[in-house]
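Asker: got a structure for you, letters missing:
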(Lines give C-alpha, C1' and ligand atoms only; values in the text may rest on other atoms or scores of the structure.)
Protein backbone atom coordinates (compact mmCIF):
# COMPACT_ATOMS: atom_id res chain seq x y z
CA UNK A 1 0.00 0.00 0.00
CA UNK A 2 1.32 3.42 -0.77
CA UNK A 3 1.04 6.32 1.38
CA UNK A 4 -3.41 7.56 4.80
CA UNK A 5 -6.70 8.43 4.38
CA UNK A 6 -7.75 8.67 0.77
CA UNK A 7 -9.50 6.02 -1.24
CA UNK A 8 -8.18 6.34 -4.76
CA UNK A 9 -11.59 6.23 -6.37
CA UNK A 10 -11.28 10.00 -6.20
CA UNK A 11 -12.33 10.69 -2.66
CA UNK A 12 -10.71 11.14 0.67
CA UNK A 13 -11.00 8.64 3.43
CA UNK A 14 -11.63 0.19 12.77
CA UNK A 15 -10.83 -3.71 13.99
CA UNK A 16 -13.28 -6.29 12.83
CA UNK A 17 -16.79 -5.16 12.13
CA UNK A 18 -16.55 -1.53 13.10
CA UNK A 19 -15.98 0.16 16.41
CA UNK A 20 -17.50 0.44 19.84
CA UNK A 21 -19.73 3.42 20.59
CA UNK A 22 -17.36 4.66 23.32
CA UNK A 23 -14.23 4.38 21.20
CA UNK A 24 -12.11 7.45 20.46
CA UNK A 25 -11.96 8.73 16.86
CA UNK A 26 -8.22 8.05 16.65
CA UNK A 27 -8.70 4.38 17.46
CA UNK A 28 -11.38 4.14 14.76
CA UNK A 29 -8.89 5.51 12.22
CA UNK A 30 -6.14 3.14 13.36
CA UNK A 31 -8.46 0.15 13.05
CA UNK A 32 -9.54 1.36 9.59
CA UNK A 33 -5.90 1.48 8.50
CA UNK A 34 -5.36 -2.07 9.76
CA UNK A 35 -8.39 -3.31 7.82
CA UNK A 36 -7.40 -1.41 4.67
CA UNK A 37 -3.99 -3.07 4.79
CA UNK A 38 -5.61 -6.51 5.17
CA UNK A 39 -7.85 -5.75 2.20
CA UNK A 40 -4.79 -5.69 -0.05
CA UNK A 41 -4.27 -9.38 0.71
CA UNK A 42 -7.83 -10.48 1.42
CA UNK A 43 -10.75 -9.00 -0.52
CA UNK A 44 -13.15 -10.13 2.22
CA UNK A 45 -11.69 -7.36 4.38
CA UNK A 46 -13.35 -4.84 2.04
CA UNK A 47 -16.72 -5.68 3.60
CA UNK A 48 -15.15 -4.90 6.99
CA UNK A 49 -13.76 -1.59 5.69
CA UNK A 50 -17.25 -0.76 4.36
CA UNK A 51 -18.75 -1.10 7.86
CA UNK A 52 -16.27 1.52 9.11
CA UNK A 53 -17.64 4.20 6.79
CA UNK A 54 -20.37 6.66 7.74
CA UNK A 55 -23.93 6.17 6.48
CA UNK A 56 -23.67 8.79 3.72
CA UNK A 57 -20.46 7.21 2.40
CA UNK A 58 -22.08 3.76 2.46
CA UNK A 59 -25.12 5.17 0.57
CA UNK A 60 -22.77 6.66 -2.03
CA UNK A 61 -21.08 3.28 -2.48
CA UNK A 62 -24.51 1.60 -2.69
CA UNK A 63 -25.48 3.95 -5.52
CA UNK A 64 -22.20 3.22 -7.31
CA UNK A 65 -22.79 -0.54 -6.87
CA UNK A 66 -26.30 -0.24 -8.31
CA UNK A 67 -24.95 1.63 -11.34
CA UNK A 68 -22.17 -0.93 -11.85
CA UNK A 69 -24.67 -3.78 -11.51
CA UNK A 70 -26.95 -2.25 -14.14
CA UNK A 71 -24.07 -1.82 -16.56
CA UNK A 72 -22.45 -5.21 -15.97
CA UNK A 73 -25.58 -7.31 -15.77
CA UNK A 74 -24.48 -8.84 -12.46
CA UNK A 75 -24.89 -7.77 -8.87
CA UNK A 76 -22.11 -5.84 -7.14
CA UNK A 77 -21.98 -5.29 -3.40
CA UNK A 78 -21.20 -1.76 -2.18
CA UNK A 79 -17.84 -2.81 -0.74
CA UNK A 80 -16.82 -4.11 -4.16
CA UNK A 81 -16.63 -0.46 -5.20
CA UNK A 82 -13.60 -0.25 -2.87
CA UNK A 83 -11.15 -1.87 -5.24
CA UNK A 84 -8.27 -3.77 -3.59
CA UNK A 85 -4.97 -2.14 -4.38
CA UNK A 86 -6.76 1.15 -5.15
CA UNK A 87 -7.00 2.23 -1.54
CA UNK A 88 -4.21 4.77 -1.42
CA UNK A 89 -3.22 6.44 1.76
CA UNK A 90 -1.33 9.69 2.25
CA UNK A 91 0.71 8.32 5.14
CA UNK A 92 2.35 4.94 5.50
CA UNK A 93 -0.29 2.98 7.45
CA UNK A 94 2.12 0.74 9.34
CA UNK A 95 4.00 3.82 10.58
CA UNK A 96 1.06 6.20 11.10
CA UNK A 97 0.57 7.72 14.53
CA UNK A 98 -2.41 9.74 15.72
CA UNK A 99 -1.10 13.13 16.79
CA UNK A 100 -4.37 15.01 17.22
CA UNK A 101 -8.08 14.37 17.69
CA UNK A 102 -10.34 17.35 17.24
CA UNK A 103 -13.94 16.58 18.25
CA UNK A 104 -16.79 19.03 17.67
CA UNK A 105 -20.10 17.48 18.61
CA UNK A 106 -20.76 14.53 16.29
CA UNK A 107 -17.86 15.35 13.95
CA UNK A 108 -14.16 14.78 14.40
CA UNK A 109 -10.92 15.20 12.53
CA UNK A 110 -7.98 12.93 13.29
CA UNK A 111 -4.53 14.05 12.24
CA UNK A 112 -1.98 11.34 11.47
CA UNK A 113 1.75 11.55 10.84
CA UNK A 114 4.12 8.88 9.61
CA UNK A 115 7.88 8.50 10.19
CA UNK A 116 8.66 10.60 7.09
CA UNK A 117 6.67 13.49 8.58
CA UNK A 118 3.82 13.20 6.08
CA UNK A 119 0.50 14.25 7.62
CA UNK A 120 -3.09 13.37 6.80
CA UNK A 121 -6.39 14.58 8.21
CA UNK A 122 -9.23 12.09 8.43
CA UNK A 123 -12.84 13.29 8.86
CA UNK A 124 -15.20 11.18 11.00
CA UNK A 125 -18.85 11.25 12.01
CA UNK A 126 -20.25 9.89 15.26
CA UNK A 127 -23.08 7.44 14.58
CA UNK A 128 -25.07 5.24 16.97
CA UNK A 129 -22.49 2.45 16.80
CA UNK A 130 -19.38 4.64 17.03
CA UNK A 131 -17.05 6.83 14.99
CA UNK A 132 -17.19 6.26 11.23
CA UNK A 133 -14.91 7.58 8.51
CA UNK A 134 -16.45 10.08 6.11
CA UNK A 135 -15.32 9.86 2.50
CA UNK A 136 -14.50 13.19 0.92
CA UNK A 137 -15.83 12.98 -2.60
CA UNK A 138 -13.95 14.63 -5.43
CA UNK A 139 -15.80 17.34 -7.39
CA UNK A 140 -18.40 15.67 -9.57
CA UNK A 141 -18.24 12.56 -7.42
CA UNK A 142 -21.72 12.89 -6.01
CA UNK A 143 -24.01 9.95 -6.73
CA UNK A 144 -26.52 12.13 -8.59
CA UNK A 145 -24.05 13.92 -10.85
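Answerer: Thanks, I have the structure now. Here the structure is a predicted model, which is why all the values come from computation and not from measurement.
Asker: going forward, measure contacts and count neighbours with C-alpha atoms only.
Answerer: OK.
Asker: residue 107: how many residues sit nearby?
Answerer: 17 (other Cα atoms under 10 Å).
Asker: correction: residue 136
Answerer: Around residue 136 sit 17 other residues, with neighbours defined as other Cα under 10 Å.
Asker: and it, what's its pLDDT?
Answerer: We note a pLDDT of 70 for residue 136 in this prediction.
Asker: and for residue 104?
Answerer: For residue 104, the predicted pLDDT is 96.
Asker: contacting residues for it?
Answerer: By Cα atoms under 8 Å, 6 or more residues apart in numbering, no residues touch residue 104.
Asker: now it: phi and psi?
Answerer: In terms of degrees, to the nearest 10, the main-chain angles of residue 104 are phi -130, psi 100.
Asker: tell me which stretches of this structure form helices.
Answerer: In the chain, helices defined by DSSP state H lie at 25-41, 45-51, 55-72, listed in chain order.
Asker: wait, which of those helices is closest to residue 132?
Answerer: Judged by Cα to Cα, the one of the helices of the chain that comes nearest to residue 132 is helix 25-41, at 7.1 Å.
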